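Student: I'll drop the sequence and a predicted model, then ask my questions.
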Amino acid sequence: MWLDPEKLKAFVLESELMPESEVAKLYAEAKASGKSIEEIFLGSGRIKEDDFRRIKAYLLGIPFVNLKKEKIERATLFMIPEPIARKHNIVAFRQTGQELEVAMLDPEDLEAIEFIKKGVGLKILPRLTDNDSIRQILLQYQKSLKAEFGDIIQAESERLEKAGLPAGGEEAAAGELKKLAEGLPVVKIVDTLLLHAILQQASDVHIEPYEKELVIRYRIDGVLHDAMILPKTAAAGIIARIKILANLRLDEKRLPQDGRFKIETAGQKVSLRVSLLPTFYGEKVVMRLLPDTVKGFTLEQLGFHSVGLERIHSGIRGKTGIILVTGPTGSGKTTTLYTILDLLNQPDVNISTIEDPIEYQIPRINQTQVKPEIGFTFANGLRALVRQDPDIVMVGEIRDQETASLAVNAALTGHLVLSTLHTNSAAATIPRLLDMGVEPFLVVSTVRLVVSQRLVRQFCAVRESYFLTDAELKKLKSRVELDRVLAALKEDKAVPPDEGWSKIPFYHPKPSVECPDGYTRRIGIHEVMIMSPAIKELMMKGETAARLEEQAKAEGMLTMLEDGIYKAAQGITSLEEVFRVVSE
């Protein structure tokens with residue numbers, strides 16, 4: 001839809017939005033630069049983007065709609081799927097007979113209009129709107145889902161309450177619990193809770209019984225959020241339902257239980273790892289959500305860069321040795337290992353894994369699940385794996401001396417071994433192996449590379465910039481060697497060569513209706529330590545982890561805290577988030 005420049009000029013002058021001299025100057029600039037008059041007007045900053053849309057709607061004869069306070073009917077809203085609505089900034093807001101009115105920021109997006117027309121089979125009537133209206137309506141997708149789920153769960157919980165069932169299920173026999181768990185109210189509640197968790201992209205679901213209520217919490221981007229609070233009467237049925245799905249004992253309430261089951265929703269298959277733990281008020285359930293098919297990552301997407309990235313690529317080119325990824329539970333160790341395996345996964349190599357559990361399935365890799373209850377441990381599995389003619393072996397976790405010794409032996413006999421350990425830093429990994437009983441000369445001979453990591457939340461698209469004051473800079477320098485971070489930033493050309501900390505912007509999160517915390521998704525902060533000759537020599541002398549780290553830093557390693565500040569200076573995350581996840 002072509003906007004007549006002369007009509008625009010006349011409207012701006014008649015409306016006295018700008019003086020005639022300034023309008024003439026902008027038109028001359030458009031003619032000289034070859035840009036459209038719309039680009040020039042918006043670039044001048046004299047007319048806001050949303051105000052310009054109103055002018056454009058008036059001149060083109062397209063109705064302009066303000067939807068900031070509109071509540072759209074769910075059936076109408078969901079005629080356009082949320083991903084399409086977000087991608088094209090287009091929302092359905094009113095249906096009249098065979099006509100559907102849609103609000104959009106760009107009425108010339110004919111591709112989106114045609115796509116929607118084919119999908120709904122109605123005549124599409126485009127309307128112009130502003131950014132705030134689109135944001136408010138997009139928020140209604142999530143509100144609508146929450147309201148729907150909340151209504152279902154509340155209604156079914158009330159049905160359970162009226163049935164007079166025991167609050168915690170303590171008195172209920174196994175048969176009664178099974179009958180309760182297979183009843184429609186409980187099935188609906190559990191299905192709805194899981195569907196909501198998947199849509200929210202939660203990594204874990206916590207179901208926690210207390211004296212008078214049952215609290216449901218979701219872990220999203222590493223942070224727990226309250227999802228809903230249910231009557232205590234719903235606890236017995238919900239927990240029994242989960243036990244049935246995970247093939248666990250209904251009558252066992254005194255001991256912890258672990259299980260697993262799969263669900264499929266909206267074409268997506270998700271595995272759920274279930275853990276039950278007896279607490280004072282009943283059994284607490286934690287379910288880890290693991291998509292069966294996950295989009296592959298690159299090391300760069302995980303947050304590796306410059307020297308650390310080069311060291312990993314160099315380390316995985318070796319045919320033998322051990323590569324270790326360390327960190328606490330939930331720090332992304334498995335994702336890093338799977339990404340490395342994906343790089344190594346070639347037709348001419350045999351890769352086998354022994355895991356607990358198998359979190360993601362990878363094509364052309366032989367993955368084995370340990371089963372301690374029948375005596376199939378990491379150690380037993382590793383013994384069997386080395387007889388399967390592997391080139392590369394991945395051991396989910398080194399937990400004890402036996403597994404550590406077998407991993408070392410596998411590396412010595414011509415295999416590349418990948419595994420994880422629970423340590424707080426790369427340097428602390430070496431003393432941990434020695435504590436497990438591995439001989440120092442064997443560690444020196446086999447360990448090639450140690451990666452330690454944590455996960456920090458990334459900013460949403462909008463954020464607030466600021467500069468460090470002298471006082472803040474002084475405080476930060478007392479906690480970390482900022483000169484090393486600045487040198488790394490300059491070496492990677494992330495900041496100009498003559499820049500100082502006082503001129504480098506940092507950022508705070510800016511919460512919005514679309515991004516309540518100001519953060520979305522997570523990225524790794526890492527330290528990558530190679531077993532250099534100097535570090536091997538220090539290790540053989542029995543030096544401490546602190547001394548090993550000092551040597552690794554001298555050889556160019558950024559610590560996790562330094563890497564976090566490096567990413568904060570790049571505007572990826574905030575300093576507050578880095579200090580939240582890294583313990584000094």
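Tutor: Nice, I can see it.
Student: which residue is nearest the centroid of the chain?
Tutor: Centroid check for the chain by C-alpha atoms, centre = their mean gives Arg521 as the closest residue, at 3.5 Å.
Student: SS state for it?
Tutor: Three-state call for Arg521 (DSSP: H, G, I helix; E, B strand; the rest coil): strand.
Student: wait, Ser203 sits on Arg219?
Tutor: Yes. Contact criterion C-beta atoms under 8 Å: Ser203 and Arg219 qualify, at 5.1 Å. Every residue, glycine included, has its C-beta placed from N, CA and C.
Student: for the residue nearest to the centre of the chain, what are its contacts?
Tutor: Neighbouring residues of Arg521 by C-beta atoms under 8 Å, 6 or more residues apart in numbering: 221, 457-458.
Student: Recalculate using a threshold of 6 Å.
Tutor: Contacts for Arg521 (C-beta atoms under 6 Å, 6 or more residues apart in numbering) come out as Gln458.
Student: Which residue ranges of the stretch 51-200 of the chain form helices?
Tutor: Assigned by DSSP state H, counting those that start in this stretch, the helices in the stretch 51-200 of the chain fall at 74-77, 82-88, 110-120, 131-162, 174-181, 184-199.
Student: export the ones you listed to JSON lines and tack on mean pLDDT and distance to Asp251?
Tutor: Formatted as JSON lines, the helices of the stretch 51-200 of the chain follow (pLDDT from 0 to 100; distance: least, C-beta to C-beta, whole Å):
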{"stretch": "helix 74-77", "mean pLDDT": "83", "distance to Asp251": "42"}
{"stretch": "helix 82-88", "mean pLDDT": "78", "distance to Asp251": "43"}
{"stretch": "helix 110-120", "mean pLDDT": "81", "distance to Asp251": "50"}
{"stretch": "helix 131-162", "mean pLDDT": "69", "distance to Asp251": "20"}
{"stretch": "helix 174-181", "mean pLDDT": "72", "distance to Asp251": "4"}
{"stretch": "helix 184-199", "mean pLDDT": "82", "distance to Asp251": "17"}
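Student: Give me the number of neighbouring residues for Leu276.
Tutor: 24 (other C-beta atoms under 10 Å).
Student: same question, Lys262
Tutor: 11.
Student: ditto for Ala234
Tutor: 28.
Student: Roughly how far does it sit from Lys243?
Tutor: 15 Å (C-beta to C-beta, to the nearest Å).
Student: Excluding sequence neighbours, find me the nearest residue to Pro431.
Tutor: Among residues not flanking Pro431 along the chain, Ala545 sits closest, at 5.3 Å (C-beta to C-beta, 6 or more residues apart in numbering).
Student: which ones are touching the one you found?
Tutor: Ala545 touches 427-428, 431, counting by C-beta under 6 Å, 6+ apart.
Student: among these, which are in helices?
Tutor: Using DSSP state H, Pro431 are the members of these that sit in helices.
Student: Now the buried members of the contacts of Ala545.
Tutor: By neighbour count, with 16 or more other C-beta atoms under 10 Å, these hold 427-428, 431 as buried.
Student: Return the closest of the residues you listed with respect to Gln95.
Tutor: Proximity of these to Gln95 (C-beta to C-beta) peaks at Ala428, which lies at 61.8 Å.
Student: Relative to Ile244, how far out is that closest one?
Tutor: 43 Å.
Student: just Asp435 next, same as before
Tutor: Counting by C-beta to C-beta, the gap from Asp435 to Ile244 is 42 Å.
Student: Which of those two has more residues huddled nearby?
Tutor: The neighbour comparison of Asp435 against Ile244 (other C-beta under 10 Å) goes to Ile244, with 19 against 10.
Student: Let me see the backbone angles for Tyr218.
Tutor: Dihedral pair for Tyr218: phi -110, psi 140, per degrees, to the nearest 10.
Student: Near it, how many other residues are there?
Tutor: With neighbours defined by other C-beta under 10 Å, the count for Tyr218 comes to 21.
Student: And the residue nearest to it when sequence neighbours are not counted, which helix or strand is it part of?
Tutor: Nearest non-adjacent residue to Tyr218, counting by C-beta to C-beta, 6+ apart: Ala202, 3.8 Å away. In the assignment (DSSP states H and E), Ala202 maps to no helix and no strand.
Student: pretty sure Ala202 contacts Asp221?
Tutor: No. Using C-beta atoms under 6 Å, Ala202 makes no contact with Asp221, being 9.2 Å away.
Student: Pick out whichever of these two has more residues nearby.
Tutor: Ala202 (22 against 17).
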